[in-house]
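S.K.: Got a predicted structure here, sequence first:
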Amino acid sequence: MKKLKLIVKMKFGSHLYGTDTPESDRDYKGVFLPEKDDVFLNRIPKSYNFTTKNGCDSKNTSDDIDTEIYSLHYFVRLACEGQTVAIDMLHAPDNMLLETSATWELIVKSRNKFYTKNLNAFVGYARRQAAKYGIKGSRLNAAKEVVGILSKYGREEKLQVVWGVLPLGDHRYFIEPSPNGIEQYQVCGKVMQATQKIGYTIDILDKFYKEYGKRAKLAAENKGVDWKAVSHAMRVAYQVKELLTTNTITFPLKNADYIRQIKNGELDFQTEVSPNLEKLMDEVEILSEKSTLPLKPNRKFWDKFIIETIENDIHQ
């Protein structure tokens, strides 16, 4: 393994969440400080990956170890984007840390400067997983209603011509304008901009309706459900809810046993898992809208942090 100036190295994955089973492999994550030459020559790698697994096609076993170490620059970027891996790492308890440093302690102490109300990476991941294996009828009907309204207008017209008649309610509402000021409307997690063509919007919602309708039928019989993926979706949804209500995430998860049951396929998807996940996602959407967290992370703080950390290391 390449010798790196580690800022932190920790246990990750199911062992962090408390959802591990005897078959679970071991995942490690970390952050390293780049070398001076790499900084000056602008060739800082995003990350280094190491694995004990033999062969890319073989399945991980409990004896395998996967390690991924991010550069400080890339880790800060991931955290500012609200990426799940970085946010999880920021909340790892001390007993999960294999190596640590004063720099990591400072990062964790200021982790709230990464927080925003737009936890798009978290919510988007959970939504994608939920949508793969079943969708509540109300979501399908919401999409169908919007398509019905749009179908009365020309496909080449811009969405802004119907802006005043778009329905509002469950799974259909206006959201914050885009970074360049374009008005936006969201349907079942899909963001529509006022400047896009009606025909393009109809095609997106039609595809959503047809694909997820089929998947809902499969899920009704618990067929074709990737239980590990669904358990990740439920876990992420609970984490977002906790972060939006308490400003932190607790590991191991308080509901780790429930998540493990889902992971092992011990619960009925259609009658228990899907309704609970949909309800949880609805709660998260409402909490996100009402949250007093900022819209953007404090990037200036973290830019300054990186500069000072690198300068201190160079002058040592």
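M.R.: On my side now, so go ahead. Numbering: from 1, shown residues only.
S.K.: ok, now how distant is Gly124 from Tyr48?
M.R.: In this structure, Gly124 and Tyr48 are 27 Å apart, going by CB to CB, to the nearest Å. (C-beta placed from N, C-alpha, C; glycine too.)
S.K.: ugh, wrong one, Thr201
M.R.: Look at Thr201 and Tyr48: by CB to CB, they are 42 Å apart.
S.K.: Compare those two and say which is more crowded by neighbours.
M.R.: Between Thr201 and Tyr48, counting by other CB atoms under 10 Å, Thr201 is the more crowded of the two (22 against 15).
S.K.: check contacts around the spatially closest residue to Asn298 that is not a sequence neighbour.
M.R.: Among residues not flanking Asn298 along the chain, Lys113 sits closest, at 4.1 Å (CB to CB, 6 or more residues apart in numbering). Counting by CB atoms under 8 Å, 6 or more residues apart in numbering, Lys113 makes contact with Pro297, Asn298, Phe301, Trp302.
S.K.: Roughly how far does Lys113 sit from Lys300?
M.R.: Computed as CB to CB, the Lys113 to Lys300 distance reads 10 Å.
S.K.: Sketch out the strands for the stretch 151-300 of the chain, chain order is fine.
M.R.: 172-175, 184-187, 190-193 (DSSP state E, counting those that start in this stretch).
S.K.: Please name whichever of these is nearest to Lys36.
M.R.: When the strands of the stretch 151-300 of the chain are compared by CB to CB, strand 190-193 sits nearest Lys36, at 42.3 Å.
S.K.: List the buried residues in the closest one.
M.R.: Across strand 190-193, burial judged by 16 or more other CB atoms under 10 Å covers Lys190, Met192, Gln193.
S.K.: now for it, which elements pack on it?
M.R.: Helices and strands touching strand 190-193, by 3 or more CB pairs under 8 Å, 6 or more residues apart in numbering; DSSP states H and E, are strand 184-187, helix 198-220.
S.K.: what about the last one, average pLDDT?
M.R.: For helix 198-220, the mean per-residue pLDDT is 75.
S.K.: now swap in the shortest one and tell me
M.R.: Summarised as a single mean, pLDDT over strand 184-187 is 91.
S.K.: Ok, stretch 5-21 next?
M.R.: Stretch 5-21 carries an average pLDDT of 94.
S.K.: Do me a favour and get the end-to-end distance for it?
M.R.: This stretch, stretch 5-21, spans 32 Å end to end (CA to CA, to the nearest Å).
S.K.: outside of it, which residues touch it?
M.R.: With contact meaning CB under 8 Å, 6+ apart, stretch 5-21 is reached by 24-33, 35, 69, 72, 88-89, 92, 96-101, 103-104, 107, 231, 235, 251-253, 256, 259-260, 263-264, 313.
S.K.: how about a cut-off of 6 Å?
M.R.: Stretch 5-21 has contacts (CB atoms under 6 Å, 6 or more residues apart in numbering) with 24, 27, 29-33, 92, 96-101, 103-104, 251-253, 256, 259-260.
S.K.: What of stretch 143-155?
M.R.: Stretch 143-155 is contacted by residues Pro167, Val187, Cys188, Ile198, Gly199, Ile202, Leu205, Phe208, Tyr209 when judged by CB under 6 Å, 6+ apart.
S.K.: Columns neighbour count and distance to Leu6 on top of those, output as TSV?
M.R.: Compiled in TSV, the contacts of stretch 143-155 are given as follows (neighbours: other CB atoms under 10 Å; distance: CB to CB, whole Å):
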residue	neighbour count	distance to Leu6
Pro167	15	53
Val187	22	45
Cys188	22	43
Ile198	22	53
Gly199	15	53
Ile202	17	51
Leu205	20	47
Phe208	21	44
Tyr209	20	49
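S.K.: so which of those residues comes closest to Leu287?
M.R.: Of all the contacts of stretch 143-155, Leu287 sits closest to Cys188, with 18.0 Å by CB to CB.
S.K.: Over to Lys117: give its phi and psi.
M.R.: In terms of degrees, to the nearest 10, the main-chain angles of Lys117 are phi -80, psi -20.
S.K.: hmm, back to that, list the ones among the contacts of Lys113 that fall in helices.
M.R.: Phe301, Trp302 (DSSP state H).
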